[in-house]
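Peer 1: Kindly generate the corresponding structure for this input.
(6 chains)
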Protein chains: 4
Amino acid sequence: MQVKKEGTITGSARRMQIVKATIATIAELGYHQASFARIAERARLSSTRLISYHFDSKDELMSQVIATVHGDLAIYLERRVGGATTAREALDSYIRSTVAYVKEHPAEMRAATEIHHHRRPESPAGSSLLERLLARGRDGGEFAAFDTRVMAMAIHRTLDGLPLLLDASPGTDLDAYADELAALYARATGHAPADTFRR
Amino acid sequence: MQVKKEGTITGSARRMQIVKATIATIAELGYHQASFARIAERARLSSTRLISYHFDSKDELMSQVIATVHGDLAIYLERRVGGATTAREALDSYIRSTVAYVKEHPAEMRAATEIHHHRRPESPAGSSLLERLLARGRDGGEFAAFDTRVMAMAIHRTLDGLPLLLDASPGTDLDAYADELAALYARATGHAPADTFRR
Amino acid sequence: MQVKKEGTITGSARRMQIVKATIATIAELGYHQASFARIAERARLSSTRLISYHFDSKDELMSQVIATVHGDLAIYLERRVGGATTAREALDSYIRSTVAYVKEHPAEMRAATEIHHHRRPESPAGSSLLERLLARGRDGGEFAAFDTRVMAMAIHRTLDGLPLLLDASPGTDLDAYADELAALYARATGHAPADTFRR
Amino acid sequence: MQVKKEGTITGSARRMQIVKATIATIAELGYHQASFARIAERARLSSTRLISYHFDSKDELMSQVIATVHGDLAIYLERRVGGATTAREALDSYIRSTVAYVKEHPAEMRAATEIHHHRRPESPAGSSLLERLLARGRDGGEFAAFDTRVMAMAIHRTLDGLPLLLDASPGTDLDAYADELAALYARATGHAPADTFRR
DNA sequence: GATGAATGAGGATTCATTCAT
DNA sequence: AATGAATGAATCCTCATTCAT
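Peer 2: Next comes the predicted model:
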């Protein structure tokens, strides 16, 4: 294949610069407008050649964007969700933290989702933090019996859909959505008295 | 603008033929492979010219595909959901019927979802059947208090995500997913004893 | 694949026009300078798009060039070689006629040879007119015993090498080369008294 | 111009390493796949920069490859052909030795030929060993009268065509081809009783 | 002697669309 | 109603080479 430029400091910095520019471009213009030319323009690169110099292909660039965003989000979540003692608390925190991340990094989230949508359906990432969390709660009796894969899919896709709601009603505060979603999936996972989780 | 070809019989048939070929192409090859050339090939058209003759633009063609599928689904749903007396029954029927539709028309559903994903986030279709149903149940006291827009979004995106689950675990029966999702959103909408809706 | 444009009259004419322009471009600038842009320029086409409209790929265009030239040459040869009664006469005529063709159509010959050289070594065209001619002479006792495949290869490559000689000594008359080569392979095929075929 | 790196020991070794990698790359992938990137990869160089550091241009690299191979072959031939007393023996040895070289160094031969084919027809190398040998035999009366330039071209191109035959019939032994070609050009050069040189 | 980084020109090809019957 | 022909902009990517240590 090709000699990777990840090892060096400057190379790594360039890669990150390009990734950031890609995120900004997709967030603003949408995936299919995010050509190398447009990305290079935003990153103030002398030519698109610099992109293909640092990334094997457009596909690899996009994969890198997703990896970067998901990596960021994972760190963000683990730091916040880690403190929870019960699975129920953890789920509540997971949902609210994700919404908070969307609020703080709307471009990142939107870019990752758009890229994901523009790819052929690949098998999902396997057992995620969320899925493990759900399994723990269900097996420990905190939650009702349900298929964790289905539940995780539902939660993920609902959270990914937040930007759509924001576009539809730009004024709405994301905190309200966080409350709403936390309550929704608190009920959906069952067992606990509903009142506890009503806002 | 251009004179529409919808009025005539043969024109209408041609349009439907092209729409069907578009659905099949997207379902098999994915949206971004679904070029006019590929669609024409599948529809056995002599040239792509026939497509632009019958549709103002690619965008209009894709809109027509979505309109066709959503129209079909709407009829399908109204026929099945209409008989429900309570909002709870209606929601249960809505979810199960949608899954059934996915089962019977996988290509249609996949095409509509892919097209939707490949468009810039436009404002959703406004107050849908689902949203009205949810409002009725909530206002009538059957459901807990929640934002119907958020709940509708969650349900829609979860249902649209079904093909992803099927790709990940091809063997699974869709009937099992229907039970699972019906139960999930029965709990999520609150109030009724959970046991009633467990399978 | 793609709907071919060969059937129609104008399409066929366009294809031939492009083939001719390709031959001229290769003959003058060489294969690797013969880009679509350069060919389109020479053919006075509005854009390179016209080439890819009429040919599936550059490879198909080049194959078409070879097919055209070899088809022309085959007709040329059959008309002249057909009259020979003995295999020896036929061979003599084959060589002289090929040289004559090179003289009359230098660009065609050069283009075909260059294209051939720029492709990965594919298996040759199988039993050619030349090879059959050699087998007839050998089996009939006119020629010595030899491997017809090797002899045919030697003759073909020698004839294809003529343009190289012309470049080296531009002044030389091709008629002299024809005599020389005819005598060379008259001896090489053996048996007949050498003097007969000396010029 | 640029200061050549031929003088130093390590520089010379690097140059040879790159030449060898170029030969291997062309032999395996073909000339037009043999980019600096691909060659550097095969030679395990950290970047293509090392190539342009040691060679003024790609053209110079390719010329060096040809010079290396032809130099090798020349030494090989002189050692074997030198012992011959008559021109006829020398020719026989020349052909057989060249075939032997092809057998022992297929990659080198193929690379040299491909490079040669991919260049614009330049004037040949001038009076070669082969051409001098032919002139000696002809002028001394061993051979018939013929144009040594034409005969040399025929022999060279026939020998260069051997790889094509091998591709067409991979099983065949090169020794058989050596016999066949030696006999062919023994007859082609004339005068001596053909039987002497039949196998 | 060696190398990571950067460069811009040029490559074929795909695309939806318009022209002219 | 249908169609063959034509179009030019845009795509990603590859290339050999130069810059600056």
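Peer 1: Only C-alpha atoms from now on, for both contacts and neighbour counts.
Peer 2: Noted.
Peer 1: and A:Leu174, what does it touch?
Peer 2: By CA atoms under 8 Å, 6 or more residues apart in numbering or on different chains, the contact list for A:Leu174 reads A:Val99, A:Ala100, A:Lys103.
Peer 1: So it versus chain D, what's the distance?
Peer 2: Distance of A:Leu174 to chain D, given as CA to the nearest CA, to the nearest Å: 50 Å.
Peer 1: What of A:Thr86?
Peer 2: In terms of CA to the nearest CA, A:Thr86 sits 53 Å off from chain D.
Peer 1: Now the phi/psi pair for that residue, please.
Peer 2: Taking degrees, to the nearest 10, you get phi -90, psi 160 for the backbone angles of A:Thr86.
Peer 1: That one: neighbouring residues, count only.
Peer 2: For A:Thr86, the neighbour count with other CA atoms under 10 Å in any protein chain shown is 14.
Peer 1: Apart from its chain neighbours, what residue comes closest to it?
Peer 2: Nearest non-adjacent residue to A:Thr86, counting by CA to CA, 6 or more residues apart in numbering or on different chains: A:Gly137, 7.6 Å away.
Peer 1: and the next element down the chain from the helix or strand hosting the one you found?
Peer 2: If you go by DSSP states H and E, A:Gly137 is part of helix A:129-139. Proceeding N to C from helix A:129-139, the next assigned helix or strand is helix A:148-160, under DSSP H and E.
Peer 1: Tell me, how many residues neighbour the residue nearest to A:Ala154 when sequence neighbours are not counted?
Peer 2: Leaving out its chain neighbours, the residue that sits closest to A:Ala154 by CA to CA, 6+ apart is B:Thr158, at 4.8 Å. B:Thr158: 21 surrounding residues under other CA under 10 Å.
Peer 1: re earlier: quick one: pLDDT of the residue nearest to A:Thr86?
Peer 2: On pLDDT, A:Gly137 comes in at 95.
Peer 1: can you check A:Val99 too?
Peer 2: According to the prediction, A:Val99 has pLDDT 95.
Peer 1: how about it, what does it touch?
Peer 2: So A:Val99 contacts A:Leu159, A:Leu174, A:Asp175, A:Tyr177, A:Ala178 (CA under 8 Å, 6+ apart).
Peer 1: Not counting its neighbours along the chain, what's nearest A:Phe55?
Peer 2: A:Phe55 sits nearest to A:Leu61 (CA to CA, 6+ apart), 5.9 Å away.
Peer 1: wait, that neighbour sits on A:Val19?
Peer 2: Yes. A:Leu61 is in contact with A:Val19 according to CA atoms under 8 Å; the separation is 7.2 Å.
Peer 1: gap between the residue in chain A that DNA strand E sits nearest to and C:Thr85?
Peer 2: Going by CA to the nearest atom of the strand, DNA strand E is nearest to A:Gly11 of chain A, at 3.4 Å. According to CA to CA, to the nearest Å, A:Gly11 and C:Thr85 sit 75 Å apart.
Peer 1: who has more neighbours, those two?
Peer 2: A direct count of neighbours by other CA under 10 Å for A:Gly11 and C:Thr85 places A:Gly11 higher, at 14 against 9.
Peer 1: Assign the more buried one to helix, strand or coil.
Peer 2: With DSSP: H, G, I helix; E, B strand; the rest coil as the basis, the three-state label of A:Gly11 is helix.
Peer 1: and the gap between it and B:Ile66?
Peer 2: Taking CA to CA, one finds A:Gly11 at 44 Å from B:Ile66.
Peer 1: Now name the helix or strand holding the residue nearest to A:Phe55.
Peer 2: helix A:58-81.
Peer 1: Tell me which residues are up against that helix.
Peer 2: With CA under 8 Å, 6+ apart as the test, helix A:58-81 has contacts from A:19, A:22-23, A:52, A:55, A:90-91, A:93-94, A:97-98, A:101, A:108-109, A:112, A:115.
Peer 1: 6 Å instead?
Peer 2: For helix A:58-81, the external contacting residues (CA atoms under 6 Å, 6 or more residues apart in numbering or on different chains) are A:Val19, A:Phe55, A:Ala90, A:Ser93, A:Tyr94, A:Ala112.
Peer 1: Identify the residues contacting the first one.
Peer 2: Contact criterion CA under 6 Å, 6+ apart gives A:Val65 as the residues in contact with A:Val19.
Peer 1: ok, 10 Å please
Peer 2: A:Val19 makes contacts with A:13, A:25, A:39, A:43, A:51, A:61-66, A:68-69, as judged by CA atoms under 10 Å, 6 or more residues apart in numbering or on different chains.
Peer 1: May I see the ChimeraX selection of the buried members of those?
Peer 2: This is the ChimeraX syntax for the buried subset of these, where burial follows 16 or more other CA atoms under 10 Å in any protein chain shown:
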select /A:25,39,43,51,61,62,64,65,66,68,69
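Peer 1: Restricting to the contacts of A:Val19, which residues neighbour DNA strand E?
Peer 2: When CA under 7 Å from any atom of the strand is applied, no member of the contacts of A:Val19 is adjacent to DNA strand E.
Peer 1: which stretches of chain A have low pLDDT?
Peer 2: Where chain A drops to pLDDT under 70, the residues are A:1-7, A:121-127, A:192-199.
Peer 1: residue contacts, the residue nearest to A:Thr86?
Peer 2: A:Thr86, A:Ala87, A:Arg88, A:Glu89, A:Ala90, A:Leu91, A:Glu131, A:Phe143, A:Ala144, A:Ala145, A:Thr189.
Peer 1: Over to A:Asp173?
Peer 2: A:Lys103, A:Leu166.
Peer 1: mind checking how far the residue nearest to A:Thr86 is from chain D?
Peer 2: For A:Gly137 relative to chain D (CA to the nearest CA), the value is 52 Å.
Peer 1: and if you look at A:Glu28?
Peer 2: 36 Å.
Peer 1: What are the phi and psi values at that residue?
Peer 2: phi -90, psi -40.
Peer 1: Surely it and A:Arg42 touch.
Peer 2: No. The criterion here is CA atoms under 10 Å, and A:Glu28 misses it with A:Arg42 at 11.1 Å.
Peer 1: anything in contact with each of the two?
Peer 2: Both A:Glu28 and A:Arg42 are contacted by A:Thr22, under the criterion CA under 10 Å, 6+ apart.
Peer 1: circling back: hmm, A:Met153 and the residue nearest to A:Ala154 touching each other?
Peer 2: Yes. Using CA under 10 Å, B:Thr158 is in contact with A:Met153, at 7.0 Å.
Peer 1: Now that we have the contacts of A:Val99, which of them are buried?
Peer 2: Among these, the ones that count as buried (16+ other CA under 10 Å) are A:Leu159, A:Leu174, A:Tyr177, A:Ala178.
Peer 1: Tell me the one among those residues nearest to D:His32.
Peer 2: Distance to D:His32, by CA to CA, is smallest for A:Leu159 among those, at 49.9 Å.
Peer 1: what's near enough to touch the closest one?
Peer 2: Counting by CA under 10 Å, 6+ apart, A:Leu159 has contacts A:Ile95, A:Arg96, A:Thr98, A:Val99, A:Val102, A:Met153, A:Tyr177, A:Ala178, A:Leu181, B:Met153, B:Ala154, B:Arg157.
Peer 1: Tell me, how many residues neighbour the second one?
Peer 2: Counted with other CA under 10 Å, the neighbours of A:Arg96 add up to 24.
Peer 1: tell me the secondary structure for it?
Peer 2: Relying on three-state DSSP, one would call A:Arg96 helix.
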